[in-house]
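Participant: need coordinates for the following:
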Amino acid sequence: MIGGGTVFNASPQESFFTVDLRTTDPALLETMTKAICDIAEKAAADEHVSYKKEMALENPAAVLEEQLSARRQHPIVQQASTFSVTC
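Facilitator: Got it, this is the predicted structure:
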């Protein structure tokens, strides 16, 4: 989610973005969170604006890695896992 400003063609005094990250791997979650924060901090520094990180909610995974093996064999999941997205 991205937002900020009140007029479509003016520089906002404040803007924000929200990222919803989910994984059963705590180390991966930490890595992704750090990568996003590093990019945001660099962008803010490059633009000479302030940056503040706020964690709205931080919950551990409700399902453990071991519990997912059968679900990962489902054809829809197998098809979806063939796609890759890079930022």
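Participant: and the helices in this protein?
Facilitator: 26-47, 69-72, 75-80 (DSSP state H).
Participant: what's in contact with the first one?
Facilitator: Counting by Cβ atoms under 8 Å, 6 or more residues apart in numbering, helix 26-47 makes contact with 17, 19, 21, 23, 50-51, 53, 60-61, all of which sit outside it. No exception for glycine: its C-beta is placed from N, CA and C like everyone else's.
Participant: ok, now how distant is the nearest residue to residue 12 once chain neighbours are set aside from residue 37?
Facilitator: The shortest distance from residue 12 to any non-neighbouring residue, by Cβ to Cβ, 6 or more residues apart in numbering, is to residue 5 (3.0 Å). Residue 5 sits 23 Å away from residue 37, taking Cβ to Cβ, to the nearest Å as the criterion.
Participant: kindly report the same for residue 81.
Facilitator: Taking Cβ to Cβ as the measure, residue 81 falls 27 Å from residue 37.
Participant: ok, now which ones touch the residue nearest the centre of the chain?
Facilitator: Centroid check for the chain by Cα atoms, centre = their mean gives residue 19 as the closest residue, at 3.7 Å. Shown in contact with residue 19 (Cβ under 8 Å, 6+ apart): residue 36.
Participant: look up phi and psi at it.
Facilitator: phi -120, psi 130 (degrees, to the nearest 10).
Participant: pull the helix or strand with minimum mean pLDDT from this protein.
Facilitator: Least confident helix or strand, the chain: helix 69-72 with a mean of 80, by mean pLDDT, DSSP states H and E.
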